[in-house]
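[1] here's a sequence, model it:
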Amino acid sequence: MATPDNLSGNRKHFLDLGDISAAEVRHILDGARRIKARRRTPLESDKVLKGKSIAMIFEQPSLRTRLSFDMGIRELGGESVMVTGKEIELGERESIADTARVLSRYVDGIMIRMLDHKQLVELAENATVPVLNGLTKTSHPCQVMADVLTFEEHKGAIEGRTVSWVGDSNNVLRSWVEASAKLGFTIRIATPEELQPRADLIEWAKANKADLRLMHDPHKAVEGSDCVIADAWVSMGDKDAGRRHNLLKPYQVNRELMRSAGDQAIFMHCLPAKRGEEVTDEVMDGPQSVVFDEAENRLHAQKSILAWAYGQSFA
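    Predicted coordinates for the structure are as follows:
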């Protein structure tokens, strides 16, 4: 995926996992584990955002992204300023480039949650402060960093393991595929033929030696897997809910599908979940579910991402 070069010096954009080296991805994960372990007894050196202010821009509604970034910024000694895309009429009253230039004069960093990935890239190209991708229609790298952190807490190192994605092909899946290339694990993807991953993602995976397996049978995809992942059938911006529901009914994660995976498999979902659609209550609330660990780990992963963006780390 074409994104701008990282900033010169110690400040860096965090737009997509595909843009970051495997060593940097591992560095961020290790830092997240350390900062989580001492959340209640932080070191003074952990205040890596002391004296810094971060603008949080939300074009789309949010619970986890908003609160986890807000709390993370505060816990790192910084201040957050929250505005909505509607308030600033993002991309309407003035160009994205001019917005980036103005924000760079006011704040020390920008976290943005918006649908248009090209606009995110344009913002980063014109900002002189770090820009962090809180979600676009194309990718969701912060979520997958939290997911990998959660996986390794429960299952050990993810390298050489197998994760299985069941359902729609969306932004979270793209970031999972990029993570598989960086961290060396297999990702099996079970989708209806009509909703399979886009050709550009498949080509990227091949070019970057990701171990990606495309399937249509969800039971085959999860067999013997270490982790089963689902997401909402209708994402923000989708306008074909009825068609998607009809196509995805066979891909519901329920007791039978988890039985095909085996007792060793954990279940992940980035939330919010439509219980009774992509996942049943018995799986969401069952012993294999780690969904609320995932939600908590957004905080810790993002704190490490913020530190990395300023050339800092948690020893």
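[2] how about the secondary structure of the residue sitting furthest away from the middle of the chain?
    Farthest-out residue of the chain from its mean C-alpha position, per C-alpha atoms, centre = their mean: R93, at 29.4 Å. Look at R93: counting by DSSP: H, G, I helix; E, B strand; the rest coil, its state is coil.
[3] what's near enough to touch it?
    By C-beta atoms under 8 Å, 6 or more residues apart in numbering, the contact list for R93 is empty. No exception for glycine: its C-beta is placed from N, CA and C like everyone else's.
[4] ok, it to K118 distance?
    R93 sits 19 Å away from K118, going by C-beta to C-beta, to the nearest Å.
[5] same check on N246?
    Taking C-beta to C-beta, one finds N246 at 31 Å from K118.
[6] swap in Q252?
    Distance of Q252 to K118, given as C-beta to C-beta: 33 Å.
[7] where does pLDDT dip in the stretch 1-150 of the chain?
    1-10 (pLDDT under 70).
[8] ok, now with 50
    1-4, 8-9 (pLDDT under 50).
[9] helices of that one, start to end?
    Under the criterion DSSP state H, counting those that start in this stretch, the stretch 1-150 of the chain contains helices at 22-37, 64-75, 85-88, 96-106, 117-126, 141-155.
[10] now distance to E277 too, for those, in TSV please.
    Converted to TSV, the helices of the stretch 1-150 of the chain look like this (distance: least, C-beta to C-beta, whole Å):
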stretch	distance to E277
helix 22-37	30
helix 64-75	19
helix 85-88	28
helix 96-106	35
helix 117-126	26
helix 141-155	19
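[11] would you mark the buried spots in the helix or strand where L257 lies?
    Using DSSP states H and E, L257 sits within helix 255-261. Neighbour counts over helix 255-261 (16 or more other C-beta atoms under 10 Å) mark L257, M258, S260, A261 as buried.
[12] is the last one in contact with V228, as I believe?
    Yes. With contact defined as C-beta atoms under 8 Å, A261 reaches V228; the gap is 5.2 Å.
[13] now the strands for the protein?
    Under the criterion DSSP state E, the chain contains strands at 53-58, 79-84, 109-113, 131-135, 162-166, 186-190, 211-215, 227-230, 266-269.
[14] could the ones you listed go into TSV alongside mean neighbour count and distance to R11?
    Formatted as TSV, the strands of the chain follow (neighbours: other C-beta atoms under 10 Å; distance: least, C-beta to C-beta, whole Å):
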stretch	mean neighbour count	distance to R11
strand 53-58	21	12
strand 79-84	15	18
strand 109-113	26	8
strand 131-135	28	10
strand 162-166	26	32
strand 186-190	22	31
strand 211-215	16	32
strand 227-230	28	32
strand 266-269	25	31
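[15] where's A295 relative to S289, distance?
    11 Å.
[16] repeat that for D168.
    20 Å.
[17] what does I189 give?
    21 Å.
[18] and what of S62?
    Counting by C-beta to C-beta, the gap from S62 to S289 is 22 Å.
[19] between the two, which one's more packed in?
    S289 (20 against 15; other C-beta atoms under 10 Å).
[20] skip the chain neighbours and tell me the closest residue to that one.
    F267 (4.7 Å; C-beta to C-beta, 6 or more residues apart in numbering).
[21] quick one: H269 and F292 touch, right?
    No. Between H269 and F292 there is no contact, the gap being 9.9 Å when judged by C-beta under 8 Å.
[22] just the pLDDT for M236.
    Looking at M236, its pLDDT is 63.
[23] what of V279?
    On the pLDDT scale, V279 gets 98.
[24] now do the contacts for it.
    A230, Q252, V253, N254, F267, H269, A273.
[25] repeat for K220
    A190.
[26] between the helix ranked longest in the chain and helix 22-37, how many degrees?
    Ranked by residue count and defined by DSSP state H, the top helix of the chain is helix 291-309. Orientation of helix 291-309 against helix 22-37 (axes from the mean of the first three to the mean of the last three C-alpha atoms, to 10 degrees) gives an angle of 120 degrees.
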